[in-house]
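Student: here's my sequence, what's the structure:
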Amino acid sequence: MKTIFIKLIFFLGSTWLMVILFVTLALGMGLGTFIENAHSIDAARITIYNSWWFETLMGLFVINFFLNIKKFGLHLKHKWPTLTIHLALVVIIIGAFITRYHGFTGLISIREGATSDEILSDDAFLEVEIKASKGTRTLKQHIEKRQLLSSATPRLNTFSIKTVFDNRDITISYKDFVKNAQWSFRKEPQGALFLKIVETKQGERHDHFIKENELFHCGDISYSLNRPVDGAYNFSTLREESLLEPPLTGSLLEMATGREAEIVAGQRDTVKTKALYDFGKVKFVVPEPPSRGALVLTSGTPSGELDGSDGLILTVASDTIQREVVVLGKKRKIGERTTTEINGLTYTFTYGSKVHKLPFQLQLDDFIAERYPGTTNSYSAFESKVEVLDGQKKQSAEIYMNHVLDYRGYRFFQSSFHPDEKGTILSVNHDFLGTMVTYIGYFLLYFGLLAILFTKKSRFGQVIRKLKRLNVTTKWAGTIILFLISCQGYGQSDIDPMDSIFQKKLDSILLHYKVPETHAAKFGRLVIQDANGRMKPMDTYASEVLRKVSKDYSYKELNANQTILSMAQFPELWFNVPLIYIKRGNDSLRSLLEISREAKLAPLSKFFDKEGEYKIKDQVTLAYKSMVPNQFEKDFIEVDRRVNLLYNTLSGEGLRLFPIPNESNNTWTSNRQLAGLGFQKKDSLFVAGILPLYFNTFSKEIPTGNFQESLRLLEQIEKYQSKFGHGVIPNASKIDLEILYNEYDVFKNLFSWYLSFGLLLLIAAILYLFKGKGTFANILWIPRVGIYLCFAAQTLGLLARWYISGHAPWSDAYESIIYISWATMLFGIVIGRKFDLALAATAFVNAIILMVAHWNWLDPAIANLQPVLNSYWLMIHVAIIVASYGPFTLGMILSALSLLFMALLNKRNHGNLRLAIKKLTLLTEITLTIGLVMLTIGNFLGGQWANESWGRYWAWDPKETWALVSIMVYALIIHMRLVPKLNNTWLFSIMGVLGFYAILMTYFGVNFYLSGLHSYAQGDNIVTPGFIYYSIGAVGILAGISYFKRKRYPV
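Tutor: The predicted model follows:
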């Protein structure tokens, strides 16, 4: 027995168990995100996150850590930072357990001017009340059980409640769970007799089926069929006739004839089908006579007759009697009461959220919803002004996103609001102890992680010292891996050949009347309000229209501003210009438009037939209706959006250049949409006429080249904008900078510069290694300085975007990618100061990242910030977590170089490459450690942001879950050196490359494949790029070659 115990302790403290735990937890969490996407978060929680085995793994992690403290000397002073990190994780796990089992969260809904002290719990509960009459006494027993159920996990839903009541053994057990349950009646000749009634309550229709010889309860109202009960609406059958004996006097209205009749309480009358029975609060219709059959509970849609209630089917056994009971309800909804009698006992069941009473009241004084200028549903912020009523004490407070109300251990957060904006919905959290313990763990973790970076005796400090001691002077036989990137541009001449002569004539007219660039630039300074309420210069609007419609930034010899001016001047001509981008491969779309299979662009006129009908109307309608559109449907949706954008521009409706005077939401409009907007006659005449006059004037001025009059008209438009829109117009410096930002398009252009300088530095570095000091040593500084200048330009571009947008430039997919690119280059410059090969490789990868950022599925347009992101936490959490992708990317590059050098090993270069591989390995460990520290801090700071915004610091959202998976992956890579047989250079390098796929999944996978709070990317989900599969194949080949070479020539 003692031997078994010793072996168990040895296993629990082994590093191999640590590896198993890392892998199992990471795989489990990753699987959970896909289960959530396929089914629901409840299914993921039941299967993974809330399961007993998942909690057991966390417990084993804690045990494994404590058993290794002495083994690895973590109790020694110089290892206290490492000990602090692991202790912090233990504290965080303890805090999570407290929150899960003792915390409480819910929602409180309040109308303006009303008070409330009732919270609806987030969790669903099954409540059972059992009653028995004993003479004048009534015995009661209340049972309550928290339930987490999903139709996707039938085997894991199982539960059983056993109790003894009135000397009877009672078992209530789970039988089935039906999502969005609906009763459907199936006729069967041998079935039980049922009567259907349609009840209306608070304007909602409810279908009920009353079974013969049973009492049916609907709230406080009871119905029966052939079983008279005092106080119930008693139906009965006599031969072929149905009778009703009501407990109250009411009226009857025959819908077919309009005849009314009185219904007397306690008096039997023949039931009239399709007639409205009205007994005050009780109103119902009997649509048809009783019939035989069976009730079947089926899964429907949330808009069904039970308003999306779920159905919990239970089996109740009392002594030898067994009965099936259906209970309706769901989370965040008060369940319907189901009452039944079994074996002489009365059971009342409810399933749904539980009402929790606050020890005080909240009164909503005012709810304020703020929108971006000129929008209807684009909210910039919302706020609840409340008053806490606690006995004689009163306290006023304001609750809005990222600003909470703390009172007596309860925290209130702005969650949502009523559709009419006359009421608020607040989320409530009551978890003081769990939050406090978790926060203590967070701060210990931050301290420990930062300490290992700055403590000389930590592992990180030791690796840096080892790297400094290495004096590598090697002659490398190198090879250059070139990335062949094929870029295919589509020229404007790629159109239907049948129309080529016509198009040449059309282009000649447009180019003849083109506006000079200098004049167009002044037009580009006008401010316009886009559909999302963003105020921007016309220069930006023109660029975005062209890019979205044609996937280009100009047309022929016309820049964006000249193109928009030409469109406004000659909309009829542009109706026939091939400008709308058609994705290749969709031949059915080309067939409908009657254009050639090779055409990449189509004119707007091709989308309409001779009668003016939209040719793709049917396909677009079906595509928008599809819950999960396929690629064929996505193509139609995309081209429909381009058609609408171009149409609105040509019609002038998109040119929202004119602020509506004294409009509360600072709405701007076009000169084509003035009706009913409250313009005074003078202003209305100005807005309606100024643009046509301006276009007509500069058309006449083009032959002379004198644009004084049209410039004067432009100044009048600017004055009008300043007079009525001064509250939202960007200042002149911001407009100037945005136009400059558009002109240089720094991030798009840096791709080729990074690629060129990176290739030049790579060639120079390898030649320098071949030849040693001399000529090549003198030219290495040229590409190095070039990369530094590119990085400086990229930094200025980020700062410019920050200033223009008014928020940190990492709030959407495009911004986060260019920020990752910047962070990657920053760490490449830091690491590459004395290692040119690392700097060159980083420049290569950075070029690829910038190229990806400008693929068609990412929109580089500057957009308004979502309310939830309007917080200082955006700059803290997102900046750190996204910047961590930089060192991880660099670590992947260094690991790949290490594998490449292993693959190149031979007798002649073994000595030199061995030292280079060792240096690369140490550099990789440094970069991965920095990345892991940043990702961990960033992820848990995100938990604090979530707690300050929504009242819960962890919700298993796919983004935070995959960030934790990435932490697990890289923590395993860092810890592999402690595991026998895993502590080797080849495995560390291959894991440094493979681990990066977790980062790709954390960013791209979650943003574009999974659903969640963090999926802020624009556009539809994308298919996996082919380079992912090619890269996996390339890594596999490189890993195989390097493995066998390393075995032959150990490093």
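
Student: ok, longest helix in this protein?
Tutor: helix 910-949 (DSSP state H).

Student: list the helices and strands that helix packs on?
Tutor: Identification of packing neighbours for helix 910-949 by 3 or more C-beta pairs under 8 Å, 6 or more residues apart in numbering; DSSP states H and E yields helix 432-454, helix 459-469, helix 813-831, helix 872-873, helix 879-883, helix 885-903, helix 958-975, helix 985-994. No exception for glycine: its C-beta is placed from N, CA and C like everyone else's.

Student: repeat that for 6 Å
Tutor: Judged by 3 or more C-beta pairs under 6 Å, 6 or more residues apart in numbering; DSSP states H and E, helix 910-949 is in contact with helix 432-454, helix 459-469, helix 879-883, helix 885-903, helix 958-975.

Student: list the contacts for residue 1001?
Tutor: In this structure, residue 1001 makes contact with residue 962, judged by C-beta atoms under 6 Å, 6 or more residues apart in numbering.

Student: and it, which of the three is it?
Tutor: Three-state assignment for residue 1001 (DSSP: H, G, I helix; E, B strand; the rest coil): helix.

Student: for residue 833, see how far away it is.
Tutor: Distance, residue 1001 to residue 833, using C-beta to C-beta, to the nearest Å: 31 Å.

Student: cool, and residue 105?
Tutor: Taking C-beta to C-beta as the criterion, residue 105 is separated from residue 833 by 50 Å.

Student: show me which of those two is the more surrounded one.
Tutor: The residue with more neighbours, out of residue 105 and residue 833, is residue 105; 20 against 11, by other C-beta atoms under 10 Å.

Student: distance between the host helix or strand of residue 20 and the chain's centre?
Tutor: Element membership of residue 20 [criterion: DSSP states H and E] is helix 15-38. Average the C-alpha atoms of helix 15-38, do the same for its chain, and the two points are 21 Å apart (C-alpha atoms, centre = their mean, to the nearest Å).

Student: in that helix, what's buried?
Tutor: Neighbour counts over helix 15-38 (16 or more other C-beta atoms under 10 Å) mark 15, 17-19, 21-22, 25-26, 28-30, 32-33, 35-37 as buried.

Student: quick check, nearest of the residues you listed to residue 112?
Tutor: Taking C-beta to C-beta as the measure, residue 36 is the one of the buried residues of helix 15-38 closest to residue 112, at 35.8 Å.

Student: I'd like the next helix or strand past the longest strand anywhere in the chain.
Tutor: For the chain, the strand reaching the highest residue count under DSSP state E is reported as strand 345-371. Of the helices and strands lying after strand 345-371 in sequence (DSSP H and E), the nearest is strand 379-390.

Student: and that next one, which residues are buried?
Tutor: Within strand 379-390, the residues scored as buried using 16+ other C-beta under 10 Å are 379-386, 388.

Student: packing partners for the helix or strand just after it?
Tutor: Using DSSP H and E, the helix or strand that follows strand 379-390 in sequence is strand 393-400. Packing contacts for strand 393-400, counted by 3+ C-beta pairs under 6 Å, 6+ apart, involve strand 379-390, strand 410-417.

Student: ok so, going back, model confidence over the helix or strand just after the helix holding residue 20, on average?
Tutor: Downstream of helix 15-38, the first helix or strand assigned by DSSP H and E is helix 41-44. Taken as a whole, helix 41-44 has an average pLDDT of 92.

Student: next one: stretch 109-124
Tutor: Averaged across stretch 109-124, pLDDT comes to 93.

Student: and for it, what's in contact with it?
Tutor: Residues outside stretch 109-124 that contact it (C-beta under 6 Å, 6+ apart): 105-108, 146-147, 331-332, 352-358, 361-364, 367, 422-425, 428.

Student: residue with max distance from the center of this protein?
Tutor: Ranking residues of the chain by C-alpha distance from their mean position (C-alpha atoms, centre = their mean) puts residue 239 at the top, at 61.7 Å.

Student: any low-confidence regions in the stretch 301-450 of the chain?
Tutor: For the stretch 301-450 of the chain, applying pLDDT under 70 flags the ranges 301-308, 372-378.

Student: returning to what we had before: ok, the longest strand of the chain: who's next to it in the sheet?
Tutor: In the sheet containing strand 345-371, its partner strands are strand 115-134 (antiparallel), strand 338-342 (antiparallel), strand 379-390 (antiparallel), by DSSP bridges.

Student: and of these, who's closest to residue 44?
Tutor: Minimum separation from residue 44 across these (C-beta to C-beta) falls at strand 115-134, 15.6 Å.
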